[in-house]
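Engineer: Model the structure of this input:
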Amino acid sequence: MRCVELITDPDDERIADYRALTDVELRTRWEPPHGLFIAEGELVLRRAVRAGYRARSYLLDEKRLDQFADLAEGGAPVYAASQSVLEKATGFHVHRGVLASFHRKELPGADEVLRSARRVAILEDVNNHTNLGAVFRGAAALGIDGVLLSPSCADPLYRRSVRVSMGEVFAVPYATLAPWPAALEEVKGAGFTVLAMTLAADAVPIQKLTSAERARPALLLGAEGPGLSRRAVDGSDKRVVIPMRRGVDSLNVAAAAAVAFWELGRED
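Structural biologist: Numbering: from 1, shown residues only. Next comes the predicted model:
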């Protein structure tokens, strides 16, 4: 591989993008303002490249240079280091052998996402990165064309979200929906039926939705634990629930999303 720069000091400024990757607070303060995100692992970084994201740099385990010999062809600097240096710089064992720093793209507006979608998911206050990544993976697999996020949601391009989604955050268009929850009216105005997932007593089993209610659904999901806010539920068109057995009242938000996504698309 040509143009590889060896890093021997974990505090080397050339790899500042990768510093303290396990510090969530630090990373959320650092990455969006600097217009970057971090991808971990070969599958994820190659999906980012295919989705049109431009690499800022790559950071490799020096023992795996041959595996990524093509990376230098793109023009972004390629850095290599020992596992010891990688661990000290990033804060964890980089067992996937490769990290990449990418430039973010400008997010589309909610109206743009809605124009090109038949089915969307709307997330309120989903601030767990693992759950968020899993929701995006389910959306990509099960026929959801776009995701709208309340301003309080976690960053889909945070490293854990990207990894859990297996890079599917790059495949599903998403946008912030604001002001929240008043902008639910924008979703309705675009021709969608807003379906609030809730345990409310008047919630309809999701499999009993009419064909008209399934035509252009916008599935509204809340955070693990608290669920949807009262204002969000009040802003929906219909309340829906996944029927449960054996006294279980709810599922993890990502699991519930996957079940509901499949149900909404099963007539395709």
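
Engineer: dump the residue contacts of the residue nearest the centre of the chain.
Structural biologist: The centroid of the chain falls nearest to Pro156 when counting by C-alpha atoms, centre = their mean (3.3 Å). If you count contacts by C-beta atoms under 8 Å, 6 or more residues apart in numbering, Pro156 has them with Leu132, Gly133, Phe136, Val147, Leu149, Val162, Ser165, Val169, Tyr174. In this view, the C-beta of every residue, glycine as well, is placed from N, C-alpha and C.

Engineer: Now stretch 27-34: average pLDDT?
Structural biologist: In this model, stretch 27-34 has a mean pLDDT of 92.

Engineer: what about it, distance to the chain center?
Structural biologist: 16 Å (C-alpha atoms, centre = their mean, to the nearest Å).

Engineer: Likewise for stretch 48-63?
Structural biologist: The answer for stretch 48-63 is 18 Å, by C-alpha atoms, centre = their mean.

Engineer: And for it, what's in contact with it?
Structural biologist: By C-beta under 8 Å, 6+ apart, stretch 48-63 touches 4, 6-7, 14-15, 17-18, 36, 39, 45, 68, 71, 74, 76-83, 86, 94, 97-105, 162, 167, 170-171.

Engineer: Over to the nearest residue to Asp202 once chain neighbours are set aside. Which of the three states is it?
Structural biologist: In space, Asp202 comes closest to Arg239 once its chain neighbours are excluded; the distance is 6.0 Å by C-beta to C-beta, 6 or more residues apart in numbering. Assigned with DSSP: H, G, I helix; E, B strand; the rest coil, Arg239 falls in the strand class.

Engineer: Then Gly138?
Structural biologist: Quick answer, by three-state DSSP: Gly138 is helix.

Engineer: just the one 10 residues further on next, same as before
Structural biologist: In the three-state summary, Leu148 is assigned as strand, counting by three-state DSSP.

Engineer: Mind checking which of the contacts of stretch 48-63 land in strands?
Structural biologist: Members of the contacts of stretch 48-63 lying in strands (criterion: DSSP state E): 4, 6, 36, 39, 78-81, 98-103.

Engineer: Just the C-alpha atoms of stretch 240-257, please, in PDB.
Structural biologist: Only the C-alpha atoms of stretch 240-257 are listed here, as PDB (Å, rounded to 0.1, in the frame of the first residue of the first chain):
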ATOM      1  CA  VAL A 240     -51.800   1.100  17.500                       C
ATOM      2  CA  VAL A 241     -50.400  -1.700  19.600                       C
ATOM      3  CA  ILE A 242     -48.700  -5.100  19.000                       C
ATOM      4  CA  PRO A 243     -50.700  -7.700  20.900                       C
ATOM      5  CA  MET A 244     -48.700  -9.500  23.500                       C
ATOM      6  CA  ARG A 245     -48.900 -12.800  25.300                       C
ATOM      7  CA  ARG A 246     -47.900 -14.300  28.700                       C
ATOM      8  CA  GLY A 247     -48.300 -11.000  30.500                       C
ATOM      9  CA  VAL A 248     -45.500  -9.200  28.600                       C
ATOM     10  CA  ASP A 249     -46.600  -5.600  28.000                       C
ATOM     11  CA  SER A 250     -44.000  -4.300  25.600                       C
ATOM     12  CA  LEU A 251     -40.900  -5.000  23.500                       C
ATOM     13  CA  ASN A 252     -37.600  -3.200  23.100                       C
ATOM     14  CA  VAL A 253     -38.200  -0.300  20.700                       C
ATOM     15  CA  ALA A 254     -36.100  -1.800  18.000                       C
ATOM     16  CA  ALA A 255     -37.800  -5.200  18.300                       C
ATOM     17  CA  ALA A 256     -41.200  -3.500  18.300                       C
ATOM     18  CA  ALA A 257     -40.300  -1.400  15.300                       C
END
